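Novice: please find the sequence and the predicted model below.
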Number of protein chains: 2
Amino acid sequence: MTAVSPARIITPVILSGGSGSRLWPLSRSSYPKQFLPLAGQLTMIQETAKRVSGERFAAPFIICNEEHRFIVAEQLRSTSVEPADIILEPVARNTAPAVCLAALRILEETPDGGLMLVMPSDHVITAPERFLEAVGKAASAAAAGALVTFGITPSQPETGYGYIKAGTPLGVHDGVHAVERFVEKPDQATAESYLTNGSYLWNSGIFLLSAAAYLTELERFNPAIVDACRRALAASRRDLTFLRVGAEAFAASPSDSIDYAVMEKTGHAAVVPVDMGWSDVGAWSALWDIAEKDGQGNATKGDVVLSDARNVYARSEDGLLVAVVGVENVVVVATDDAVLVAERDRAQEVKQVVERLKADRRNEHALHTTVHRPWGCYRGVDRGDRFQVKRITVKPGEKLSLQMHYHRAEHWIVVEGTALVTRGEEKVFVYENQSVYIPMGTVHRLENPGKVPLHLIEVQSGGYLGEDDIVRLDDSYARA
Amino acid sequence: MTAVSPARIITPVILSGGSGSRLWPLSRSSYPKQFLPLAGQLTMIQETAKRVSGERFAAPFIICNEEHRFIVAEQLRSTSVEPADIILEPVARNTAPAVCLAALRILEETPDGGLMLVMPSDHVITAPERFLEAVGKAASAAAAGALVTFGITPSQPETGYGYIKAGTPLGVHDGVHAVERFVEKPDQATAESYLTNGSYLWNSGIFLLSAAAYLTELERFNPAIVDACRRALAASRRDLTFLRVGAEAFAASPSDSIDYAVMEKTGHAAVVPVDMGWSDVGAWSALWDIAEKDGQGNATKGDVVLSDARNVYARSEDGLLVAVVGVENVVVVATDDAVLVAERDRAQEVKQVVERLKADRRNEHALHTTVHRPWGCYRGVDRGDRFQVKRITVKPGEKLSLQMHYHRAEHWIVVEGTALVTRGEEKVFVYENQSVYIPMGTVHRLENPGKVPLHLIEVQSGGYLGEDDIVRLDDSYARA
């Protein structure tokens, strides 16, 4: 094992993976749960980054799906978190390779190594001060070469989590125990015995470990992962502020979790028990668990009217009015294109609905009505056979690509802000309550030269209105 | 009693009253349940009118809320029913005065009287041939002066309906019984005893009676109603094809139902028992009762995905995807601005939600997103602080009023069909994929000169966007 100094600063490594399909219809694969403010004002990835923004932490490394890169960048920017790097995964290979990429990158920057605090981006921690305290306890053990995991003191006989049986305390490191063993998700009776026993903890998937120690152990148990990641990094290229690793090399990595690839095999696993109001928010029922409730056990968000409902989680996004009459133990989630009604105890099965939508080649599992782009977003508000209407929002200073469509003409009506429109050879400012027409086949570009968001209504007209009818001639976001 | 000839033709009198609030969010006060295709392809008022369009029936009289006049006219027109008259009620006074107006009007047209078949416009009858057969049986008794009601053979111990106890058969009129008594909605035990007894029938609210006999009995028991209705008719005026009765005179009428005002008091009440698949569709649970169901007892309409649901009624209008996971005995109804989730057995309580919306001065109890007008309809598709977007549909040959707005400018983009636009002094044709701008304060008019519906997107821009910012200078529908 590599010896590392305990005083060293800790580098957060935030894993933005997973599609959160059990939180459909809010979570969708193009904009999954870590990017949503499910349990507070900030989104979960923002909460995760802010939680470790104190002075003992270095700038975070983020590992994310390349499809989500602009969302990650924007969400960090808007909470003033400056990432050390955003590493794009060309394909999903589970957590062990993702953390390996981060460890290799960290060692490039600080060759004497350092501690990594590995965290999923989509967990809720309602007592962050206890989390930081636990990280403090873990630091000296991790600096001494232990691979430390955080074990959550169970509050109920949960069958949905894996458990860690804590062993003897590591004498020199206060609050740190050896891991006796990792155990799979138990049945109800076993979960109840674990709760009574007291030495079983929920496996949180959060780790503090030195980059060097992690690589040493991964090299020992899964050298193919380290090899693939080294080659993927060697083949990496910078794309704006993102790091794109070599796709072919990374795809060759075995897919495995940190737990299976390293933690369950290493002799250096340790655990810090902590009670910090943790939830992995794995389903709507978990949000009901952690929400504030009225006297009848109901938790609501948005425009919801209840009439004699009990133990209900009801949530309305996008302004729909949701009325719930007389039901019990039900989850209701409404968005502007999809509504979920589920028995609260069976909220896990929402995943199967999402699988069905995917199999039926629908798009409600993947896309929201509002689609995010690096320059802003658009939202479909109406459509017919030969037309569609969108509300387009362009952030101050941003611009869409210089583009052309073969099959549609576009009418733009500025309703807020000022647009600078390129149309063929001309460039014109279009002000609030003015409109401009882009004939089919005309090269055009839309930009917001102003200081406030630009909102416009776009009416498209034509025989084919797919998003793929676009020829990009120039793009500020390297998408051309 | 006035003697009337049994061979005489029967005049349907269709009562379009009530707001159907228990069928919210589909039914709303500006467009209530009788105007919706709740149980089939046609709307309930269309089904009601078509059911009695055979040769033994005269053209129907319709009595409706003046707010609904264009909807009634359009729905009858589109099923080729030519009404004898559409009488507008300035205020609701329950069924006795409404039928009195119809009786007086019928006697104006055919002074020797005739038979009226009085029917609510919002009932379902799945076996209309049995209904017509029952009407046939009732006719000779009604012609002889009986006030005949139709009593539905109960199929379950229903506590939501009033009952009629059938007495001895009227020997000369096959299938017609004297009414022994009317009874109020019973409790469960009583309803069960009624079901066993066999001579208790559900009070359908459908009547066959001679206009003269009805007036005679109403005059005897409630002369103030007859007096108010006579004066209201004397003060009536023609408005296009509608008859507006005198508002002040009609408002002076006592409010009462036919049952209380006449049927429970007269010595001439008779009943024809009939089993005709009747439902008053009083709540969503009634629609589940009469719907076709899958093997798990689920009835669905529209874009609905079920996963292990049982005995559920799930309905999606307006294209929302509704997913239902694991619940039982629940009603889910989704529209583009409101979602209802209710315990099926408690669907009656939806009325209380509607009352609450009204008390909170919201508008979801009254208006749909799509608002119907005599010239077509519009639908709000987006709105912001200083703008809103509507999709406007104008029927062929129709035109909006010549109008002007003080606080908003309008951009119109034609997406289907052809518009003829008056703008100040000019008149211009606007074709598909063309736009026109109406500055604030400019007198304008929109019309569809073509043979197919005109669809356009309207973007309004201004500091005040209420519907009441309209100065009507001329209107084809007498609304100026």
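Specialist: In hand now; what should we look at?
Novice: neighbouring strands of whichever strand in chain A runs longest in the sheet, and parallel or not?
Specialist: Across chain A, the strand with the greatest residue count (assigned by DSSP state E) is strand A:200-210. On the basis of DSSP bridges, the sheet neighbours of strand A:200-210 come out as strand A:115-120 (antiparallel), strand A:147-152 (antiparallel), strand A:163-169 (antiparallel).
Novice: quick one: which of those is nearest residue A:294?
Specialist: strand A:147-152 (27.2 Å; C-beta to C-beta). (C-beta placed from N, C-alpha, C; glycine too.)
Novice: need the CA coordinates for the closest one. CSV is fine.
Specialist: Once non-C-alpha atoms are left out, strand A:147-152 reads as follows in CSV (Å, rounded to 0.1, in the frame of the first residue of the first chain):
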residue,chain,number,x,y,z
LEU,A,147,-10.6,1.9,1.6
VAL,A,148,-13.3,3.4,3.8
THR,A,149,-17.0,3.1,3.1
PHE,A,150,-19.8,4.9,4.9
GLY,A,151,-22.4,2.7,6.6
ILE,A,152,-25.8,4.1,7.4
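Novice: give the contact list for the residue nearest to the spatial centre of chain A.
Specialist: Centroid check for chain A by C-alpha atoms, centre = their mean gives residue A:34 as the closest residue, at 3.1 Å. Residue A:34 sits next to A:16, A:18, A:20, A:43-45, A:48, A:120-122 when contact means C-beta atoms under 8 Å, 6 or more residues apart in numbering or on different chains.
Novice: return the member of the residues you listed nearest to chain B.
Specialist: Each of the contacts of residue A:34 was scored against chain B by C-beta to the nearest C-beta, and residue A:20 proved nearest at 15.6 Å.
Novice: hang on, the earlier thing: just the contacts of residue A:34: which are in strands?
Specialist: Within the contacts of residue A:34, residues falling in strands by DSSP E are A:16, A:120.
Novice: from the contacts of residue A:34, which land in helices?
Specialist: Within those, membership in helices is found for A:44-45, A:48, as judged by DSSP state H.
Novice: who wins on neighbours among the residues you listed?
Specialist: Neighbour counts for the ones in helices among the contacts of residue A:34 were taken using other C-beta atoms under 10 Å in any protein chain shown; the highest belongs to residue A:45, which has 29 neighbours.
Novice: quick check: that residue touching residue A:33?
Specialist: No - at 9.4 Å, residue A:45 and residue A:33 do not qualify as touching, with contact defined as C-beta atoms under 8 Å.
Novice: intersection of neighbour lists for the two?
Specialist: Contact criterion C-beta under 8 Å, 6+ apart; residues shared by residue A:45 and residue A:33: residue A:122.
Novice: residue A:271 in helix, strand or coil?
Specialist: Following DSSP: H, G, I helix; E, B strand; the rest coil, the label given to residue A:271 is strand.
Novice: where exactly do the helices run in the stretch 301-450 of chain A?
Specialist: Across the stretch 301-450 of chain A, reading from the start of the chain, the helices by DSSP state H, counting those that start in this stretch fall at A:350-359.
Novice: could you pull out the strands for it?
Specialist: A:304-307, A:313-316, A:321-325, A:330-334, A:338-343, A:370-373, A:376-383, A:387-394, A:402-404, A:408-416, A:419-423, A:426-430, A:435-438, A:444-447 (DSSP state E, counting those that start in this stretch).
Novice: what ranges of the stretch 151-300 of chain A fall below the confidence cut-off?
Specialist: Filtered on pLDDT under 70, the stretch 151-300 of chain A yields no residues whatsoever.
Novice: bridging residues for residue A:420?
Specialist: residue A:429, residue A:447.
Novice: list the helices and strands the helix or strand following the longest strand of chain A packs on?
Specialist: Next along the chain after strand A:200-210, taking DSSP states H and E as the criterion, comes helix A:211-221. When contacts are defined as 3 or more C-beta pairs under 8 Å, 6 or more residues apart in numbering or on different chains; DSSP states H and E, helix A:211-221 packs onto helix A:95-109, strand A:115-120, strand A:147-152, helix A:223-234.
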